[in-house]
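Peer 1: need the 3D shape of this:
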Amino acid sequence: MPNVHSHAFQRALAGRAERSITGDDSFWTWRQAMYGLAGRITPDDLEAIAAQLYVELLEAGYTAVGEFHYIHHDVDGRPYGRRSEMAQRLLAAAEAAGIGITLLPVFYRWSNFGKAAPRPEQARFINDLDAFLELIDELAPLCRTPDRRLGIAPHSLRAVAAEDLRAVVAALDERDPDAPIHLHIAEQTGEVEAAFAAYGMRPVAWLVAHAQLSPRWCLVHATHVNAAEIAALAPSGATVAICPTTEANLGDGIFPLGAWLAAGGATAIGSDSHVSVDVGEEVRWLEYVQRLRRRRRTITPSPEALYVAAARFGGRALGRPVGTLAAGARADFVVLDADDPALTGGDLATILDRYVIAGRRSALRAVFAGGVRVVEAGRHRRRDAIAQRYRRTLAKLALAAK
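Peer 2: Take a look at the predicted model:
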């Protein structure tokens, strides 16, 4: 199972932003806590946090990750001597953990629609087009291995203006016309309203009309998409990355999965802010939130079908030959213990249904990534050393916050 949407550094914030601040907390108040963490992280910190996260992803049954990476610069907003310093730390963390990675450097230029000037706390994220392409060109030769893939992530329609989006996609096409393109879109109702005010169109409708969408595109969240947008988007082959635990944690809303699947839409999963790291939980809540919304059961064909589709489309969204057991694919797979009490009896489809709905981590006998056994009996082979470094990093960041 690929995890197609990750902000690795946010794992250090998981469970630490749950106390009420205003009594009317939202995504936007959570974002201020996230900015506070993002403003303090050093390259060493990022590598330690990401390595810990990637170990946890593997132990949870993920074998690949799409890293939506936007902390590019030093804490004062100036580029590092090596422009790709922070991105290279993510590559090092993935190598240490043994997970396949699609690195998605974020093109982030403005703070809101209408080319609003960046806010001070966004200084580490901001590049103009030339600087961003320098970053891409520096990373490209480092990502030409079987375990790595390079794409881009125009952050969102609010952070990238129309002409910026056209220019960065054209520049990417000159370099690698098959490279993945990921984009946050329609996560919050406020964003939908702001897009309509700026463009006279809802964000997904605008993107369908102004970008040549294809299976290389991955739209992250798309929570507030309507029926007309679904009908226009699904035939493009673009994947929607749904992140149920993060979307629930932030109070985003519920993606209309039933209508999307009925239109033939492609779905993948991500754990985004990593408030939870669990394959079963993400796939289970894909189904469960639909049941809560519609007050009935079995909204989708089956948990097994959701799992298989999310794996297959997740691999496609990451631009790597993973997510399926087939000739020519990477040897990324999990081994389930069919004797585990939660899984006992039945055919493979039934076992996968049970794994998603009633399973537990102990049912994962082993995890392989690129043909290498990286997890055995629930334990990553480098768990202790990587966790020790992570604990030191969190202690340091906690002191810095006081």
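Peer 1: quick one: the strands in this protein?
Peer 2: 2-6, 64-69, 100-107, 148-150, 153-154, 181-185, 217-221, 239-242, 266-269, 333-336, 364-369, 372-376, 379-380 (DSSP state E).
Peer 1: can you spell out which helices and strands pack onto the fourth one?
Peer 2: By that I understand strand 148-150. Counting contacts by 3 or more C-beta pairs under 8 Å, 6 or more residues apart in numbering; DSSP states H and E, strand 148-150 packs against strand 100-107. (Glycine included, C-beta is placed from N, CA and C.)
Peer 1: could you export the strands of the chain as CSV, including mean neighbour count, mean pLDDT and distance to Ala387?
Peer 2: As requested, these are exported to CSV (neighbours: other C-beta atoms under 10 Å; pLDDT from 0 to 100; distance: least, C-beta to C-beta, whole Å):
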stretch, mean neighbour count, mean pLDDT, distance to Ala387
strand 2-6, 31, 98, 18
strand 64-69, 28, 98, 18
strand 100-107, 27, 98, 20
strand 148-150, 22, 98, 24
strand 153-154, 26, 98, 28
strand 181-185, 26, 98, 29
strand 217-221, 26, 98, 29
strand 239-242, 28, 98, 28
strand 266-269, 25, 98, 25
strand 333-336, 18, 96, 21
strand 364-369, 21, 96, 17
strand 372-376, 16, 97, 14
strand 379-380, 17, 96, 9
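Peer 1: got a markdown table for those, with distance to Ala205 too?
Peer 2: Supplementary listing: the strands of the chain in a markdown table, determined by distance: least, C-beta to C-beta, whole Å:
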| stretch | distance to Ala205 |
| --- | --- |
| strand 2-6 | 22 |
| strand 64-69 | 23 |
| strand 100-107 | 22 |
| strand 148-150 | 29 |
| strand 153-154 | 17 |
| strand 181-185 | 11 |
| strand 217-221 | 12 |
| strand 239-242 | 15 |
| strand 266-269 | 19 |
| strand 333-336 | 38 |
| strand 364-369 | 38 |
| strand 372-376 | 42 |
| strand 379-380 | 43 |
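Peer 1: out of the ones you listed, flag the one nearest Tyr390.
Peer 2: Between Tyr390 and the strands of the chain, the tightest spacing by C-beta to C-beta is seen for strand 379-380, at 12.3 Å.
Peer 1: that closest one pairs with which strands, and in what direction?
Peer 2: strand 372-376 (antiparallel) (DSSP bridges).
Peer 1: returning to what we had before: out of the strands of the chain, nearest to Ala227?
Peer 2: strand 239-242 (14.5 Å).
Peer 1: show me how far that closest one is from its chain's centre.
Peer 2: 9 Å (C-alpha atoms, centre = their mean, to the nearest Å).
Peer 1: that one packs against which elements?
Peer 2: If you count contacts as 3+ C-beta pairs under 8 Å, 6+ apart, strand 239-242 packs onto strand 2-6, strand 217-221, strand 266-269, helix 303-318.
Peer 1: so which of the ones you listed gets nearest Ala369?
Peer 2: strand 2-6 (10.8 Å).
Peer 1: hmm, who's touching that closest one?
Peer 2: 53, 57, 62-68, 182, 218, 220, 239, 241, 243, 268-272, 274, 311, 314-315, 317-318, 320, 322-323 (C-beta atoms under 8 Å, 6 or more residues apart in numbering).
Peer 1: at 7 Å instead, please
Peer 2: 57, 62, 64-68, 218, 220, 241, 243, 268-272, 311, 314-315, 317-318, 322-323 (C-beta atoms under 7 Å, 6 or more residues apart in numbering).
Peer 1: on that earlier part again, of the strands of the chain, which is nearest Tyr35?
Peer 2: The nearest among those, by C-beta to C-beta, is strand 100-107 at 14.5 Å.
Peer 1: will you turn the helices and strands packed on strand 239-242 into CSV that also has distance to Thr344?
Peer 2: Listed next are these as CSV, based on distance: least, C-beta to C-beta, whole Å:
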stretch, distance to Thr344
strand 2-6, 28
strand 217-221, 36
strand 266-269, 26
helix 303-318, 16
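Peer 1: any figure for the gap between the closest residue in space to Asp76 that isn't next to it in sequence and Val240?
Peer 2: The spatially closest residue to Asp76, leaving aside those adjacent along the chain, is Ala123, at 7.5 Å (C-beta to C-beta, 6 or more residues apart in numbering). Look at Ala123 and Val240: by C-beta to C-beta, to the nearest Å, they are 31 Å apart.
Peer 1: then Leu135?
Peer 2: Leu135 is 27 Å from Val240, by C-beta to C-beta.
Peer 1: shaky segments in the protein?
Peer 2: 399-402 (pLDDT under 70).
Peer 1: okay, now the residue lying closest to Leu352 once chain neighbours are set aside: neighbour count?
Peer 2: Nearest residue to Leu352, sequence neighbours excluded (C-beta to C-beta, 6+ apart): Glu304, at 3.9 Å. Counted with other C-beta atoms under 10 Å, the neighbours of Glu304 add up to 20.
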